[in-house]
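K.L.:
Starting from these lines, generate the structure:
(9 chains)
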Amino acid sequence: MTALTVLQVANLVLIVAGAVLTVWLRDLLASVVALAAMSLLLALQFYLLQAPDVAIAEAGIGAALTTAIFVLALRKTRRKEEEE
Amino acid sequence: MRWLRVGALLVVFGLLIAAAGWMRPYGEPVRTDMDAYFLERTPEEVVVTNVVTAVVFDYRGFDTLGEATVLFTAVMAVALILRRWRR
Amino acid sequence: MSPELGFGVAAAVLVALMAISVLRMAIGPTVADRAVALDTVNTLVVTTMVLLGAATGLVVLVDVAIVYALLSFVGMLYIARYLEGGLK
Amino acid sequence: MTVLVYVLLGVGVVFNALGAIALIRFPDVYTRIHGATKCTTFGSVFSIAAVVVHGFLRGGPEGGTLAVHALIALVFLLLTNPTGSHALARGAYRSGVKPFRAVIDQIERDKR
Amino acid sequence: MILETFEGFWSPLVWTAVAVAVTLLALALRSRGRRDHKKGTEQTAPFLSGEAAPDGVHVGGQHLYWGFVEALRPYIERLRAAHTGFVVDYVTWLVVALAGIMLLVLLV
Amino acid sequence: MNLATHVPILAIAVPLLGAFALPLLAKVHRSLRDLWVLLVGAFTVAMLVLLAVQVFTGGILVYTLGAGTPGDTVPEGFPIRIMLVVDGMGAFMGLIAALVGIAGLAYALQYLEEEKGKTLALTLMLLLWAGMLGLKLTGDLFNFFVFFEITSVAACGLIGYRVWESRPPEAAFKTMVMYTLGGLLILLAVGILYGEYGALNLAYLSAQIGQGPLDQIALGLLLGGLLMKAGSVPMHMWAPDAYGEADPSTAIVLVANTQAALYGLFRIVFTLYGGAGSPAVGGLVTALGALTVIVAVLMAVLQTDLGRLIAYGAVSQIGYMLLGAGVGMATLGAAAGGEAGFGLVALQGGVFHMMNDAACIGLLFLCVGAVVRATGARDLRALGGLGHSLPGVSGLFLLGSLALAGIPPLNGFASKLMIYQAAFRLSPILTALAVLASILLLAVFVRAFQGVFLGPRRPLGGTAAVPTGMWLAMGLLAVVVVAFGLVPDLMVRHVVAPAAEALWTGREAYLVAVLGG
Amino acid sequence: MWTTTAALALALYLLLVMWSGDIVLWALDELIVGAVLAAAVGGVAGALLWERGGWRMLQPHRWFLLIAYVVGPLFFAMARANLDVAWRVITGRIRPGIVRFDPALRTELGRTLLANSITLTPGTLTVDVNDNTGVFYVHWINVTNEKPSPEEVCGELPVWARRIAE
Amino acid sequence: MSVVVRTVTRLLVPLALIFGAYVIMHGHLTPGGGFQGGAVLASVVALLIVAFGAERLRRRQTSLTSVEDLGALMFVVLAFVGIGSTFFYNALAGARGLFGGTEAGSLWAGGTVPLMNWAVGLKVMAGLGSIVLLMALFGGDDDR
Amino acid sequence: MIGNMPFFVSMILVGLGLWTMMTRRNLIKLAIGLVLVESGVNLFLVSLGYVRGGVAPIYTFAPEGVPTEIPMVMPTPQALTLTAIVIGMATTALLLAFVVVIYRHRGTLDAGKIRELRG
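P.N.:
Predicted structure coming up:
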């Protein structure tokens, strides 16, 4: 149980790191990659919270499909975020 | 304008963090009557072992209908937006 | 010391390794580097999930790992295909 | 047999760690893909093998299901991981990332 | 047919009857007006600023209340400037309003 | 199966079923699709009217989804399942939705063009309607969020209907961002309330809720999300974009959708928090209402685009409703002291104004639709002289604008009068502002009328003929405008007063109906 | 054609639901459901799997060879690869480059097998495979010869790939 | 994409399909259910798009939306089944018919729950799949 | 040891998302910010349902003594989150569809340049 708590804390820190990366990166594709990583870690957190149903849903939707539509949208538009 | 932005965001953020601090301790829910009911009665009432599925499709089935409707609506809307149109 | 605890400790180590990968994701100069980091995180997450399923003794949790092993591939392919210049 | 589980687990974790370190230490994308893919895949093989052995030791439907499902996860991992890496390497090359301090770049040479 | 409000009442039918009566009265008064008003003469021709209006001209909607808008220009310009049409500003306003609402609700 | 007991759910499920079946039927034949739309619409309207009759004669209706019997609300002293709870206010909102929905559908059937995705747009309209009804009838907070999202997605899809122009997608994007953010705020509030009380049922939460800081934060989040969707002033900027760029048949349903958010606001403040909330809420809503009225009307004066002009008018009308309800909320705490009278009247005025606004604004938007159909333009600078070719439409436009500006004896006056009088008791400044805004609104519409319909005849860019369905929709709304203006007391006494009562003092009855004695 | 896909799907399904009953390891329900679902999957995706020359994999001895290959040479090569990478990680001694070689494999399956094996084995990473000629471009971490033969890059693997898939 | 990816996709598609079907079918017993299985199946569609190109699936787009309509209709009709008591009443649970098993943990128990799982699974698959497909198809030829 | 950390983290995610939406001008970045807010809310909901030492609310292969001795985590928040995830995906998809269409018309993703509707 303690091990699980440690895992949760570490994972939460990683989630925040992923979110900060998502916001911080200027290259939108890199941002999407970081978003996918955050989604992945979020699913691990759901798993640690004993919610396998939600973890599977987040896996399918967050990791695969959201990345897919973001990348498709990027492909149809442009990749770099313009400077102010 | 910029300071208004930062200030407002800080206020909202601070209040949200404060709300998280004021919540009951993590992992120790206070009132679990509804969930205890679901956990106890699901095997008899909805003859199912996955309680989440029972909640999703039986006890709160209407939410699921709404959710399916949102998805349907989104597909219809995306089909409407991304159909072949000429400029 | 039961194997369960060992699995838990191993999972904790893997989470620490994920932190290293996230570091690479932060500094990686090109998008491909970040995608490699994503791939690594992904494999580590799958392993962690399997290990934790064994550690907590909850068999049903392992299904999540299968889904991950299957699906993160799709996201990777989209990113790779973008880099390749496809997906017009 | 528990010792076997521990040995497998230890080997797996060590290889996974190598993969992560390789990700940090290597100089360019391709070498990083080398390290990351090989080591994490191999480490996962050992880690999951530990779980499989553990499951079979535990026995019964629970242990069996654990072992078989872990094995399936492993098979999917083995199928998808190298493919993903290959796709990524190809994508990286085509997006213009040159190999670091390469002694030879045959693709470039063939294109000319 | 009487709508009772807090401190009185309102009867649209009576009001309508009165309005019709007043209209009739006005028409009656009008019928007793000047006899030398003739159609088709200069008396009914339109003028714009003292000049005879050219044929087919229409004072469009955008020209109405020019004076009013001009008088309030400093305020209205500020108001219009706030409607930037910039999505980020929309979100900003939402967050600002949210901050205000939450502070007010929590503190008062 | 006894139909009468299932009326609340049928009113939601039938449009949903109709929408799901619509694309399939459209593949069979187009006339079948039109027939189906009319059938579903008529059935739903019948259900809503039946519902209103039942509620106004028999009291609150509770329908538990998935239980053994509809009345089986609390299996173990605890509301487990999702319920539909229809009190006077809900039934009233159902009536508004019925009016607007059937008018919009009838109009859309003739207005939309076949090759430009008519089937999909009709489906989305049905879905928007169903979502709105669900929003109004449900008694469960999370369910409320789900229906909120249905209306958001459907509304944004419809706003972006004319994708081949550059402005509608922009409006739809902006609206979507705001709606989604508002929905997420509501979801966060629902989460906080669930974490604290372990329940999602509105009545149960209402019975449990206290005055702790968490409750207040949740109230703040809910207010933020709902005021945003209602289009209150600092957060109203999406509204003119959305109304202005949407098709007329969509725009009138959008107005009703906005009112549904307003209904949610009332429900949260009066029923869920019912006095336990902060006393500042009343003042806040009143202030925002006054601000909305004046700012929106000043912006309307500046507009040259006909759709946007009317859209700002619609936003200012939301301000009147907020004003009325805010005065009611501000005096709710003092209700026990005998000062209740004017607060109740203000609330009645606000509630009544919802119906009137739906009719007037709807009529105006539909007239704009006819104008656009005839000329293909909406810019005041390009329009003029349409009174020659569209005499009927110009008459209806005049009727609608006069009603909206509060000219007696049309319906806008009756409700505004109630609001003026009651707000005067709270603060004369409010009334002064409101009357000023009304006058300005009249000026705005005089300007619009002058710009569009008066003047010499000009060549048309489209067809001036208005089909029967469009006439029917406009006629329905015009009849409502005139009828409610001439006999407002009937409406107020039999429909509006019970609805306002349900908010004002009906909290106890609501709790008893759901949770049992 | 679709029956083979269905059989593959059924095998996976049966693995997933092992220990559900007493007909060997499965319950009757699961067998029926699995058969139906597998048939459906075969109907949907049957044409896809065997589209180009996958027929060869129907011969059972290739399956045994595949398993033997994965457990034996591939596993051994992976182990060597990891030690190799470990050494390089520690010492940082690399001499990378992209080289070309032609393993002379004709089928898609063989190329795939070889490409994935190469990615998992010492010092090599498949960067590109030419669809028409079947020429491999491999990122080699320790280039010893700028125009290598297949054996220099990946040892016995092409032989195995040919044995299994062609 | 390269031949490697295409071949592996060919191999993975049936496996992922049957796995998604398993997740839906055992939704009431193990983690999973309509949404999750539907998401897995939808990502199969996404996989096909990325590996073989969206043009190859253009013809399937109408059938995907039709499947979605059907799934949604099936869901509502299943909800209407219980209207003898109330909407969404689980009339089949424990009724000893097909899907009326009385023992929790059986594949045939749960009344309308497994059926709704399938309805939602098909719906989510077709819905999310067609969203990705529409996104991929948009712009088509004249776009770069 | 852990306190209310999951709640804090979810609120931080919400704040980060709001910050992104308020400071970045790119439309896709805006959508990314929205996804972040949504992830934060989802994490918040699931964290609400966690019971210390609890196991997943599934009776198949559950350990002995469930749910009387060993607690199960609460199923309702998980059900809600499932719904919220799919809803979020739907809204994100629609948002990105609009982004693509807007880009098609204007050729830019800068929100500062996409302001035809103002005043």
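K.L.:
how about stretch E:84-98 against chain A, any contact?
P.N.:
No: applying CB under 8 Å from any CB of the partner chain, one finds stretch E:84-98 separated from chain A by no less than 11.4 Å. C-beta coordinates here come from the backbone N, C-alpha and C atoms, glycine included.
K.L.:
Centre of the chain to that stretch, how far?
P.N.:
29 Å (CA atoms, centre = their mean, to the nearest Å).
K.L.:
Export it to PDB, keeping only CA atoms.
P.N.:
What follows is stretch E:84-98, C-alpha atoms only, in PDB (Å, rounded to 0.1, in the frame of the first residue of the first chain):
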ATOM      1  CA  THR E  84     -12.500  42.600 -29.900                       C
ATOM      2  CA  GLY E  85     -13.700  39.400 -31.500                       C
ATOM      3  CA  PHE E  86     -10.600  37.800 -30.200                       C
ATOM      4  CA  VAL E  87     -11.300  34.300 -28.700                       C
ATOM      5  CA  VAL E  88      -8.600  34.700 -26.100                       C
ATOM      6  CA  ASP E  89     -10.300  37.800 -24.800                       C
ATOM      7  CA  TYR E  90     -13.600  35.900 -24.600                       C
ATOM      8  CA  VAL E  91     -11.900  33.400 -22.400                       C
ATOM      9  CA  THR E  92     -10.300  36.100 -20.400                       C
ATOM     10  CA  TRP E  93     -13.600  37.800 -19.800                       C
ATOM     11  CA  LEU E  94     -15.000  34.500 -18.700                       C
ATOM     12  CA  VAL E  95     -12.200  34.000 -16.300                       C
ATOM     13  CA  VAL E  96     -12.400  37.500 -15.000                       C
ATOM     14  CA  ALA E  97     -16.100  37.200 -14.500                       C
ATOM     15  CA  LEU E  98     -15.600  33.900 -12.800                       C
END
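K.L.:
Please work out the average pLDDT along that stretch.
P.N.:
Averaged across stretch E:84-98, pLDDT comes to 90.
K.L.:
do the same with stretch F:137-145
P.N.:
Rounded mean pLDDT across stretch F:137-145 is 91.
K.L.:
what residues are up against the residue of chain E found nearest chain H?
P.N.:
Residue nearest to chain H within chain E: E:Val87 (20.9 Å; CB to the nearest CB). By CB atoms under 8 Å, 6 or more residues apart in numbering or on different chains, E:Val87 lies in contact with F:Phe173, F:Lys174, F:Val177, I:Leu27, I:Leu30, I:Ala111, I:Ile114.
K.L.:
Closest one of the residues you listed to F:Gly90?
P.N.:
F:Val177 (29.5 Å; CB to CB).
K.L.:
any low-confidence regions in chain E?
P.N.:
Within chain E, the stretches with pLDDT under 70 are E:1, E:6, E:56, E:60-62.
K.L.:
can you give me the helices in it?
P.N.:
All helices of chain E, identified by DSSP state H, fall at E:12-31, E:66-71, E:73-82, E:87-107.
K.L.:
in the last one, what counts as buried?
P.N.:
Taking 16 or more other CB atoms under 10 Å in any protein chain shown as the neighbour-count basis, helix E:87-107 is seen to contain the buried residues E:87-106.
K.L.:
what does the third one give?
P.N.:
Burial within helix E:73-82, assessed by neighbour count using 16+ other CB under 10 Å, is assigned to E:Ile76, E:Leu79.
K.L.:
Tell me the gap between it and the middle of its chain.
P.N.:
Relative to where its chain is centred, helix E:73-82 has its mean C-alpha point 19 Å off (CA atoms, centre = their mean).
K.L.:
That helix versus helix E:87-107: what angle between them?
P.N.:
Angle, helix E:73-82 to helix E:87-107, by axes from the mean of the first three to the mean of the last three CA atoms, to 10 degrees: 100 degrees.
K.L.:
right, and C:Thr56 touches I:Val55 too?
P.N.:
Yes: between C:Thr56 and I:Val55 there is a contact at 7.4 Å, judged by CB atoms under 8 Å.
K.L.:
So F:Val466: helix, strand or coil?
P.N.:
Secondary structure state of F:Val466, per DSSP: H, G, I helix; E, B strand; the rest coil, is coil.
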